[in-house]
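Participant: next comes the sequence, and after it the predicted model I'd like to discuss.
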Amino acid sequence: MTDGRPPTHSAEDVLEAIDQLLEAGERDLWEGGIPPETLASEEGLDCPTHTAQKRLQRLTEQGHLTRVWGANPDGYQSRQSYLPTDHPDAQEPEY
């Protein structure tokens, strides 16, 4: 029986979903990563975008992910996205 709240997914679930999205080519343009909106709608995770954003931020703080900048394929707007820290394009932006 559920209490009406969405299920909590483990860090491994989220990282696996990111790997699957990367393999499917669902990343942002210009060497971007996986944005929260894309992760939130991934089958099996189905959560609000703000929940996905919090999970991504937490995994970044824990050293599993790196925040990168890319562009939304629809409209080319610049936005933050996330890649595994061992990904070749996972570099913190230099300003």
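Facilitator: Everything's here; your move.
Participant: just want the most central residue of the protein.
Facilitator: By Cα atoms, centre = their mean, the chain has its centre lying nearest to I34, at 4.1 Å.
Participant: so what's it up against?
Facilitator: I18, L21, L22, E26, R27, D28, S81, Y82, L83 (Cβ atoms under 8 Å, 6 or more residues apart in numbering). In short, each C-beta sits where N, CA and C put it, glycine included.
Participant: at 6 Å what do you get?
Facilitator: Listed by Cβ atoms under 6 Å, 6 or more residues apart in numbering, the contact partners of I34 are I18, L21, R27, S81, Y82.
Participant: so what's the residue lying closest to the first one once chain neighbours are set aside bridging to?
Facilitator: Looking back up the chat, that one is I18. Leaving aside its sequence neighbours, I18 sits nearest to I34 (Cβ to Cβ, 6 or more residues apart in numbering; 5.1 Å). Per DSSP bridges, the residues bridged to I34 are Y82.
Participant: quick one: the helices in this protein, in order.
Facilitator: Secondary structure of the chain (DSSP state H): helices located at 11-23, 36-40, 49-61.
Participant: quick check: buried residues in the shortest one?
Facilitator: I take that to be helix 36-40. P36, T38, L39, A40 (16 or more other Cβ atoms under 10 Å).
Participant: what's the spacing between the last one and S78?
Facilitator: For A40, the distance to S78 under the criterion Cβ to Cβ, to the nearest Å works out to 19 Å.
Participant: with D86 instead?
Facilitator: D86 is 24 Å from S78, by Cβ to Cβ.
Participant: looking at these two, which is more packed in?
Facilitator: A count of neighbours by other Cβ atoms under 10 Å puts S78 above the other of D86 and S78, at 12 against 8.
Participant: please identify the most buried of the helices of the chain.
Facilitator: helix 36-40 (a mean of 19; mean count of other Cβ atoms under 10 Å).
Participant: which strands or helices does that helix pack on?
Facilitator: helix 49-61 (3 or more Cβ pairs under 6 Å, 6 or more residues apart in numbering; DSSP states H and E).
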